[in-house]
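S.K.: got a predicted structure plus its sequence, pasted below:
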Amino acid sequence: MRAKMRIPFIKMHGLGNDFVVLDARENAVPDLEENIARGIADRHTGIGCDQLILLQPSENADFRMRIYNHDGSEVGACGNATRAVAMLHGSDATIETAGGMLSASPRDGGASVDMGAPRFDWDAIPLAYPMDTLSMPVGWEMLENPGAVNVGNPHVIFFVDDCDAVPLDRLGPEIENDPLFPERVNVNVATIEDRSRIRLRVWERGAGLTKACGTGACATAVHAMRRRLVDSEVTVALPGGDLQIAWSEGETIRMTGPASESFRGSFEWDDYA
Ligand SMILES: N[C@@H](CCC[C@H](N)C(=O)O)C(=O)O
């Protein structure tokens, strides 16, 4: 009979966007298939989280971070989790992700992260066909003329008068799964409050409405900067709290904000495999 395997986990969050972190840098964790990740992330029958994070050794960086959405899909980037794992690591770190190489420094109660350079080409988002990603001639009801940015993962951004008035629980899944986005998309609705502050809500691909999305904050700030609506350093106010984002044309994006550990526990691998 195969010995049962108990896996330790750390529950963390960045502004209420919550994670189960499995640290396989020193202790082995078996292969995380999509259905296993989905089972652990399930809020009724599993531990429950927006994203499951797997830390592994890396040959090119201090460690590798793999990211699984609530629906079990593996993705390239997660801003809030990057701050959380930087805090967990406890010192400056280079982090290999599927979306690119990142570097992060823990700060009091959080971290500051170099999120890499944004990409704007239509096939880098990716979109299904060529289009100007600064001003896209498409719309879904009151959401029109968005922009798209890839910050290690794909985002579409709509500026509206009042982002709280948008029925994102209904329009989010429709836009996420529109054939225009062959890899699906994270849907951001944002209101420019002044040149240094943006209010943002995000429907996350594979996770739904979350309290905060770090990459959404980066993509939205960069898109607002490209449209010259805000200055090069802004506060992005999400339902879960604020992030600071800085970017200039041709540079990488800097994201700074809080992260927290909630509790530690362990689970039986066979309960999900
Ligand atoms: N919560 C995240 C983004 C997680 C991945 C995203 N849902 C995707 O599918 O690309 C963040 O803080 O950036």
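M.R.: Structure received. Numbering: from 1, shown residues only.
S.K.: how about the residues of the chain near the ligand?
M.R.: Residues of the chain that fall close to the ligand, judged by C-beta under 6 Å from any ligand atom: 17, 50-51, 69, 75, 78-80, 153, 186, 204-207, 210, 213-215. For glycine as for every other residue, the C-beta is placed from the backbone atoms N, C-alpha and C.
S.K.: ok, residue 52 touching residue 40?
M.R.: Yes: with contact defined as C-beta atoms under 8 Å, residue 52 and residue 40 form a contacting pair (5.6 Å).
S.K.: pull up the gap between residue 117 and residue 251, please.
M.R.: Distance, residue 117 to residue 251, using C-beta to C-beta, to the nearest Å: 7 Å.
S.K.: chain center to the lengthiest helix in the chain: distance?
M.R.: Taking DSSP state H as the criterion, the chain has its longest helix at helix 214-226. Distance of helix 214-226 from its chain centroid, counting by C-alpha atoms, centre = their mean, to the nearest Å, is 12 Å.
S.K.: what's downstream of it, the next helix or strand?
M.R.: strand 233-238 (DSSP states H and E).
S.K.: and the helices in the stretch 1-150 of the chain?
M.R.: Using DSSP state H, counting those that start in this stretch, the helices of the stretch 1-150 of the chain run over 34-41, 79-89.
S.K.: show me how far the first one is from its chain's centre.
M.R.: Meaning helix 34-41. With C-alpha atoms, centre = their mean, you get 18 Å for helix 34-41.
S.K.: before we move on, what about stretch 61-81?
M.R.: For stretch 61-81, the distance to the chain centre is 8 Å (C-alpha atoms, centre = their mean).
S.K.: could you list the buried residues of it?
M.R.: For stretch 61-81, a neighbour-count test (16 or more other C-beta atoms under 10 Å) marks 61-70, 72-81 as buried.
S.K.: do the same with stretch 76-96
M.R.: 76-89, 93, 95-96.
S.K.: go on, stretch 128-139?
M.R.: 133, 136.
S.K.: list of residues touching it?
M.R.: Stretch 128-139 is contacted by residues 120-123, 125, 127, 144-149, 156, 179-182, 223, 226-227 when judged by C-beta atoms under 8 Å, 6 or more residues apart in numbering.
S.K.: how long is it end to end?
M.R.: 15 Å (C-alpha to C-alpha, to the nearest Å).
S.K.: now do stretch 103-116
M.R.: Note: stretch 103-116 ends 9 Å apart using C-alpha to C-alpha.
S.K.: now it: mean pLDDT?
M.R.: What stretch 103-116 shows for mean pLDDT is 97.
S.K.: could we number from 262 for the rest of this?
M.R.: Let's use 262 as the start, then, which means that last one is stretch 364-377.
S.K.: wait, what's in contact with residue 498?
M.R.: Residue 498 is in contact with 454, 458, 459, 460, 461, counting by C-beta under 8 Å, 6+ apart.
S.K.: 6 Å instead, please
M.R.: Going by C-beta atoms under 6 Å, 6 or more residues apart in numbering, residue 498 touches residue 460.
S.K.: between residue 378 and residue 512, which one's more packed in?
M.R.: residue 378 (16 against 12; other C-beta atoms under 10 Å).
S.K.: who's in contact with the residue nearest to the more buried one when sequence neighbours are not counted?
M.R.: Spatial nearest neighbour of residue 378, excluding adjacent residues (C-beta to C-beta, 6 or more residues apart in numbering): residue 513 at 5.1 Å. Residue 513 makes contacts with 375, 377, 378, as judged by C-beta under 6 Å, 6+ apart.
S.K.: kindly report the same for residue 477.
M.R.: Here residue 477 is in contact with 447, 449, 463 (C-beta under 6 Å, 6+ apart).
S.K.: quick check: chain neighbours aside, which residue is closest to it?
M.R.: Of all residues not flanking residue 477 in the chain, residue 463 sits nearest, at 4.0 Å (C-beta to C-beta, 6+ apart).
S.K.: and the pLDDT for the one you found?
M.R.: pLDDT, read off for residue 463, is 99.
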